[in-house]
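Chemist: got a predicted structure plus its sequence, pasted below:
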Number of protein chains: 2
Amino acid sequence: MNYKKIDKNDIDFLISVCGEDRVFTGDEINEDFSHDELAGIKKYPDVLVEVKSTEEVSKIMKYAYENNIPVTPRGQGTGLVGGAVPLYGGIMINLSTMNRILELDEENLTLTVEPGVLLMEIAKYVEDHDLFYPPDPGEKSATIGGNINTNAGGMRAVKYGVTRDYIRGLEVVLPNGEVIEVGGKVVKNSSGYSLKDLFVGSEGTLGIVTKATLRLLPLPKKAISLLIPFPNLEMAIETVPKIIKSKAIPTAIEYMVRDVILASEEFLGKKFPDSSADAYLLLTFDGNSKEEIENTYEKVAHICLDSGAIDVLISNTQERQESIWSARGAFLEAIKASTSEMDECDVVVPRNRVAEFVKYTDDLQDKFDIRIRSFGHAGDGNLHIYVLRDDLPEDVWKKKLNDVFDEMYTKARELGGKVSGEHGIGYAKRPYLQESMGSKGMDLIKNIKLSFDPKNILNPGKVC
Amino acid sequence: MNYKKIDKNDIDFLISVCGEDRVFTGDEINEDFSHDELAGIKKYPDVLVEVKSTEEVSKIMKYAYENNIPVTPRGQGTGLVGGAVPLYGGIMINLSTMNRILELDEENLTLTVEPGVLLMEIAKYVEDHDLFYPPDPGEKSATIGGNINTNAGGMRAVKYGVTRDYIRGLEVVLPNGEVIEVGGKVVKNSSGYSLKDLFVGSEGTLGIVTKATLRLLPLPKKAISLLIPFPNLEMAIETVPKIIKSKAIPTAIEYMVRDVILASEEFLGKKFPDSSADAYLLLTFDGNSKEEIENTYEKVAHICLDSGAIDVLISNTQERQESIWSARGAFLEAIKASTSEMDECDVVVPRNRVAEFVKYTDDLQDKFDIRIRSFGHAGDGNLHIYVLRDDLPEDVWKKKLNDVFDEMYTKARELGGKVSGEHGIGYAKRPYLQESMGSKGMDLIKNIKLSFDPKNILNPGKVC
């Protein structure tokens, strides 16, 4: 790709739009902006711009489009697949400075926000109004813009679905700087192709989200968590399809193994309520009355015990629940801290194939003599599997990582799974997307990209 | 558009694929296939083919693509905007003969079906297994393929969302005959642009759905309906945002007026439980226990009474509920039977603007001296407003209809609404979509169409 190199005129233009204080070059650019949380790819933008309004984003895109300059949008950089890394340099637009909550509409149950608002800010704001934004990814300091762009899922997808299900409307700046609104405050919409659903999950390659109208639910009045120890992981995970089949609807079903729990205890310096068993299921149930929840969880507790669970530990106080879920939220960081480098596989498989897939990845540890750790959303089939470098030399690590990933993604495909459940494709998973979608699917995706961004200036090198 | 005219060779080819019994020309084509349920457009296909498999659809599309022949896919023809009318003749593919239920997967809570299965068949099949497919459009004899293509909504969207929310995966034949699968049995998916969500609601213009994997829920154990008479329509509808704001979640909130109820009594020859009041709200609540439902509906009943409701009539037997809801299901047919011809407006507006919009359309009756009837989904903002011809001469009718529609769609836009909540754009609503989306949005839609169907042979003249 033949992009224009950034020069002084370009910088002057950006300063004319945003002012000197919000345009950064060279050493002024913090190292954080050259990478994300995981993907082994690093590259600085030529210029970093903090934006404050849709109008600024629009002006910058129009200029970039006319001048053939690549642009990478960025939120908090908490991605794991290099989606926000400026592979071709150029302009990076930092949207985390567009971070205002614009409107809570209680009659339509919507919240309208700028893209830089953090998940944890949204959760707190709506809960203070007795409302609920259900998507709940582990990384609470991610921006809502990032969540929309990856169609993030999180823990509560079993009952509540994913980010896509909670996006009513978007304002988007197109690659040529034009601004469009898709969707709105409406509950139903069959008015032409769903551009909104095309932007959701497009990883900043089709347009830059500058405003989002989120769908809210009433806040469930009560929640209860069950921590259920099992003699081994297989028994734990094989219980999940039985729970689904029983027609109970837990809010979340997570699985975890002792090794990961111990790592998180060390990382947080805090004891987990129990670490005596090899494997655990962690379930949450929510609802509006104690009775309603109890009816459901008692049935599920019996299913677990009948399937070999050692015990059922009930957490019905806010404190106990928070201690368990904050440990769960720290698993990624804890595993990361336990090794020199790692990469992850975020596959999703049908829920009744999770046990088979996890067993398969476990066996790869022996086959390739490498450490593999996993945890994840057993209830929705979305697994986070980490391959750890430890003290392997660079070339051996790269080779083993490639081989292990090839095996995992091939297996996931065989089981009817997909490359990414919630982290996206970004830069790192492109070869696997290609294999998974085949040439017909990839052609459609490339053609869509081209019809939105004929000059390929917006977040180039990602997804396709 | 310069399409090839169908000749004997083409017919011979179709016979070679499907056999003589399933290929129809000339007088063999039933008049039903020349129109849908409402749109004032009529055109016969040159040839009608009943298909039985994906392979047949693929062969026909490949041939049509190579020979530049327009193809119109068709289900039960219950649409209201001309989406299934073969504007350019050519081949019509009747998919209602691909009507097998393929697999119920209770561990993943999915049902896989061919596109010609009827909504009422799906409802019965899953309920027999204590499961639930929530989308519930009034027209139960529509095919699931048609519902996917219009992203149909129905009564239960207030609590459960629309068809899009229940489509896990699709098999689609592309305009050039290639077959792709998008989505699957997975609960989360962030693997490239969501082609699945692009096909949903694309009205058969981007590909032909030949298989669908639907997401099911456990069947709620109990349901109760409240029929709530109000002194007038305004008071009824103005109560709805208060219900939403109260954080109760009804399954459905419909509104209806006495005139429409009387028309339905006459049409069905059956009395409605009450027709003494000018206007009604009809609400349903579902859940797993009587207590759970009672807690919610008591709160809502009080809100209604505080807002001027005359009474709250509780229907807690299956029979009573069915009598009310079957009357509700007959409203469209009843209004149709009360006049010589009619056309409808299927706008959706934010829920707190419904009262304003309905009042506005009511006032148009006097302004244009024409009969207008409406009913609809007050709880999700999707209104069905019918303009009736009665004994108006053709030219006066056309003129008035145009003027009334212009006013309605302009008003809907002002209120943040959209052209279609669930019936789609088809042929009839294209000018209004254009106005609503603006040239930027329409350009994106046209480019997407072109990238899927460069020869514009699949359902040409629809949506864009």
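Modeler: That came through, no problem.

Chemist: mind listing what residue A:239 touches?
Modeler: Residue A:239 makes contact with A:230, A:281, A:303-304, A:307-309, according to C-beta atoms under 8 Å, 6 or more residues apart in numbering or on different chains. Glycine gets a C-beta too; all of them are placed from N, C-alpha and C.

Chemist: and for stretch A:6-24, what's in contact with it?
Modeler: Contacts of stretch A:6-24 (C-beta under 8 Å, 6+ apart): A:4, A:25, A:46-52, A:56, A:59-60, A:63, A:67, A:69, A:89-91, A:97.

Chemist: domains of chain A?
Modeler: A:101-218, A:222-332, A:339-424 (automatic domain parsing).

Chemist: most tightly surrounded among those?
Modeler: Among the domains of chain A, judged by mean count of other C-beta atoms under 10 Å in any protein chain shown, the one packed with the most neighbours on average is domain A:101-218 (a mean of 23).

Chemist: so how far is chain B from the spatially closest residue to residue A:89 that is not a sequence neighbour?
Modeler: Spatial nearest neighbour of residue A:89, excluding adjacent residues (C-beta to C-beta, 6 or more residues apart in numbering or on different chains): residue A:46 at 4.6 Å. Using C-beta to the nearest C-beta, to the nearest Å, we find residue A:46 at a distance of 28 Å from chain B.

Chemist: how about residue A:46, phi and psi?
Modeler: phi -70, psi -30 (degrees, to the nearest 10).

Chemist: for the helix ranked longest in chain A, buried residues please.
Modeler: The single longest helix within chain A, with elements called by DSSP state H, is helix A:430-452. Neighbour-count burial for helix A:430-452 flags A:430, A:432-434, A:436-437, A:441-449, A:451-452 (criterion: 16 or more other C-beta atoms under 10 Å in any protein chain shown).

Chemist: and the contacts of stretch A:6-24, which of them are buried?
Modeler: Burial by neighbour count, 16+ other C-beta under 10 Å: within these this picks out A:46-52, A:56, A:59-60, A:63, A:67, A:69, A:89-91, A:97.

Chemist: just to revisit the earlier point, now mean pLDDT too, for the domains of chain A, in CSV please.
Modeler: CSV is the format used below for the domains of chain A (pLDDT from 0 to 100):
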stretch, mean pLDDT
domain A:101-218, 97
domain A:222-332, 92
domain A:339-424, 96
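
Chemist: turn these into TSV, columns for distance to residue B:332.
Modeler: TSV is the format used below for the domains of chain A (distance: least, C-beta to C-beta, whole Å):
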stretch	distance to residue B:332
domain A:101-218	17
domain A:222-332	34
domain A:339-424	38
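
Chemist: so which of the ones you listed gets nearest residue B:262?
Modeler: Residue B:262 sits nearest to domain A:101-218 of all the domains of chain A, at 27.7 Å, using C-beta to C-beta.

Chemist: for the stretch 351-464 of chain A, just list every one of the helices.
Modeler: If DSSP state H, counting those that start in this stretch is used as the criterion, the helices of the stretch 351-464 of chain A fall at A:354-368, A:394-414, A:430-452.

Chemist: show me the contact partners of the first one.
Modeler: In other words, helix A:354-368. A:233-234, A:237-238, A:240, A:255, A:345, A:347, A:349, A:370-372, A:374, A:378, A:381, A:383, A:385, A:400, A:403-404, A:407-408, A:411-412, A:415, A:417.

Chemist: okay, the angle between it and helix A:394-414?
Modeler: Taking axes from the mean of the first three to the mean of the last three C-alpha atoms, to 10 degrees, helix A:354-368 and helix A:394-414 form an angle of 150 degrees between their directions.

Chemist: next one: residue A:229 relative to residue A:310, how far apart?
Modeler: From residue A:229 over to residue A:310 the distance is 4 Å, taken as C-beta to C-beta, to the nearest Å.

Chemist: touching both of the two, which residues are there?
Modeler: Counting by C-beta under 8 Å, 6+ apart, the residues touching both residue A:229 and residue A:310 are residue A:277.

Chemist: so which bits of the stretch 351-464 of chain A are right by chain B?
Modeler: Residues of the stretch 351-464 of chain A found near chain B (C-beta under 8 Å from any C-beta of the partner chain) are A:351-352, A:377, A:380-382, A:416-425, A:433, A:436-438, A:440-441, A:444-445, A:447-452, A:463-464.

Chemist: change it to 7 Å
Modeler: A:351-352, A:380-382, A:416-425, A:433, A:436-437, A:440-441, A:444-445, A:447-448, A:451-452, A:463 (C-beta under 7 Å from any C-beta of the partner chain).

Chemist: mind checking pLDDT for the residue nearest to residue A:89?
Modeler: With respect to pLDDT, residue A:46 has a value of 98.

Chemist: and of the helices of the stretch 351-464 of chain A, who's closest to residue B:127?
Modeler: Of these, nearest to residue B:127 by C-beta to C-beta is helix A:354-368, at 28.0 Å.

Chemist: roughly how far is the closest one from the heart of the chain?
Modeler: 23 Å (C-alpha atoms, centre = their mean, to the nearest Å).

Chemist: the stretch 251-400 of chain A: strands as residue ranges?
Modeler: For the stretch 251-400 of chain A, the strands defined by DSSP state E, counting those that start in this stretch occupy A:252-257, A:279-287, A:313-315, A:342-345, A:371-377, A:382-388.

Chemist: summarise which helices and strands the third one is packed against.
Modeler: Spelled out, that is strand A:313-315. With contacts taken as 3 or more C-beta pairs under 7 Å, 6 or more residues apart in numbering or on different chains; DSSP states H and E, strand A:313-315 sits against strand A:222-230.

Chemist: which residues touch the residue lying closest to residue A:195 once chain neighbours are set aside?
Modeler: Among residues not flanking residue A:195 along the chain, residue A:182 sits closest, at 4.4 Å (C-beta to C-beta, 6+ apart). Applying C-beta atoms under 7 Å, 6 or more residues apart in numbering or on different chains to residue A:182 gives the contacts A:169-170, A:172, A:195-196, A:199.

Chemist: tilt between the host helix or strand of residue A:182 and helix B:430-452?
Modeler: Here residue A:182 sits within strand A:179-183, counting by DSSP states H and E. Taking the same axes, to 10 degrees, one finds that strand A:179-183 is oriented at 100 degrees with respect to helix B:430-452.

Chemist: what's in contact with whichever helix or strand comes after strand A:179-183?
Modeler: Using DSSP H and E, the helix or strand that directly follows strand A:179-183 along the chain is helix A:195-199. Residues from elsewhere that reach helix A:195-199 (C-beta under 7 Å, 6+ apart): A:164, A:167, A:169-170, A:172, A:182-183, A:206-207, A:209, B:193-194, B:197-198, B:441, B:444.

Chemist: try stretch A:422-429
Modeler: Counting by C-beta under 7 Å, 6+ apart, A:39, A:41, A:79-83, A:85, A:87, A:137, A:150-153, A:203, A:346, A:382, A:419-420, A:433, A:461-463, B:188, B:190-192 sit against stretch A:422-429.
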